[in-house]
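[1] turn this into a model:
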Amino acid sequence: MIAIIDYDAGNIRSVEKALLALGQDVTVTADRDEILHADKVILPGVGAFGDAMEKLKQSGLDEVIREVTEKGTPFLGICLGLQLLFEHSDEAPGVEGLGILKGEILRIPDKEGYKIPHMGWNSIHLENDGRLFKGIAENSYVYFVHSYYLKAEEEQIVKASTEYTIHIHASVEKDNIFACQFHPEKSSDVGLKILKNFVEL
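    Coordinates of the predicted model:
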C-alpha cells in the first residue's frame, strides 16, 4: 500500500489518479499509523514553503515523515514536497524545513525573456544513475511549476537537472529518499514511467 500524505497542500488527487492508473493500492491520509505502516510514502505539494511547514508541524506530520525516512521506507517528495525535505527556503526566511537532506531552496533569478514562476515543459539531464530514471531517455521532457529551486549540497545525490535562467537540481535520491521538483503525475508517459519505477523499487 502506498500512502499519500494529506496535509492540505493541494495536488493530491492527480498523484492518486496516476498511481491508480498504475494499478496501485493507494490511501490518502494524515493518519500516523497508516503512514508508518505503508510500503511506500509520497509527500506531494503545491503552495508556499512556510504554510506547508506550519501545517506539517501542527499535525505532527513532520515527526512522522522523519520516522518514515529513518526506518528506510521508500519516500518520494514531489514539487514542494522536495523543497520541504531540505533545511530552509528563500520563500520563508527563518522557517526551518524538515532538514532530512542538505541544500538550499533559492528563488529562480529573473532573466529577460523568462517568466517566473517557471511553468511548463523542460528537458532534464540525467546524472548519477538515478533509480527513478531507469528506462528514461536523456533530455526527456517533464512538467514544472515553481518559483524556487533546489541547490543540493551533495552533488552525488542529484539524479536529474534542468536549466531555466539557472542550473536547477530537478531530482535527488539518497538511500530510500527520492524527490522531484517537477510533477511526474503531470508529465505524461515519462512521468508515469518515473512513478512506476518508484512503485517497483
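[2] only C-alpha atoms from now on, for both contacts and neighbour counts.
    Noted.
[3] could you double-check that D129 sits in contact with I157?
    No. Contact criterion Cα atoms under 8 Å: D129 and I157 do not qualify, at 9.7 Å.
[4] more crowded one of the two?
    Shown here are D129 and I157; by other Cα atoms under 10 Å, I157 has more neighbours (21 against 14).
[5] what's the nearest residue to T27 if we skip its chain neighbours?
    Excluding the flanking residues, the one nearest T27 by Cα to Cα, 6 or more residues apart in numbering is A3, at 5.0 Å.
[6] wait, the one you found touches P44, no?
    No. Applying Cα under 8 Å, one finds A3 not in contact with P44, separated by 10.8 Å.
[7] distance of V145 relative to E104?
    18 Å (Cα to Cα, to the nearest Å).
[8] isn't Y149 right next to I116, touching?
    No. Applying Cα under 8 Å as the test, Y149 and I116 come out as separate, 11.4 Å apart.
[9] can you list contacts of the longest strand anywhere in the chain?
    As assigned by DSSP state E, the longest strand anywhere in the chain is strand 167-174. Residues outside strand 167-174 that contact it (Cα atoms under 8 Å, 6 or more residues apart in numbering): 124, 130, 149-152, 157-162, 178-182.
[10] direction included, what does the helix or strand following that strand pair up with?
    The first helix or strand that comes after strand 167-174 along the chain, using DSSP states H and E, is strand 177-180. Applying DSSP bridges to the sheet, strand 177-180 is found paired with strand 75-78 (parallel), strand 167-174 (antiparallel).
[11] so for stretch 63-83, mean pLDDT?
    Averaging pLDDT along stretch 63-83 gives 98.
[12] oh sorry, the question was meant for stretch 28-36
    97.
[13] check which helix or strand V46 maps to.
    Applying DSSP H and E, one finds V46 in no helix or strand.
[14] I meant to write D62 there.
    helix 61-70.
[15] what does the pLDDT read for the residue nearest to F144 when sequence neighbours are not counted?
    Computed as Cα to Cα, 6+ apart, the closest residue to F144 that is not its neighbour in sequence is F182, at 4.5 Å. F182 carries a pLDDT value of 98.
[16] check the gap between the residue nearest the centre of the chain and Y114 for me.
    Geometric centre of the chain, nearest residue: I78, 2.3 Å, by Cα atoms, centre = their mean. The gap separating I78 from Y114 is 23 Å, by Cα to Cα.
[17] what stretches of this structure score poorly on pLDDT?
    10 (pLDDT under 70).
[18] tell me where it has strands.
    2-5, 26-29, 40-43, 75-78, 88-89, 103-107, 118-123, 125-126, 141-146, 148-152, 158-163, 167-174, 177-180.
[19] now the fifth one, how far from the centre of its chain.
    With Cα atoms, centre = their mean, to the nearest Å as the basis, strand 88-89 stands 15 Å off its chain's centre.
[20] do the same with the third one
    Taking Cα atoms, centre = their mean, the mean C-alpha location of strand 40-43 is offset from the chain mean by 10 Å.
[21] which helices and strands sit right next to it?
    On a contact count with 3 or more Cα pairs under 8 Å, 6 or more residues apart in numbering; DSSP states H and E, strand 40-43 meets strand 2-5, strand 75-78.
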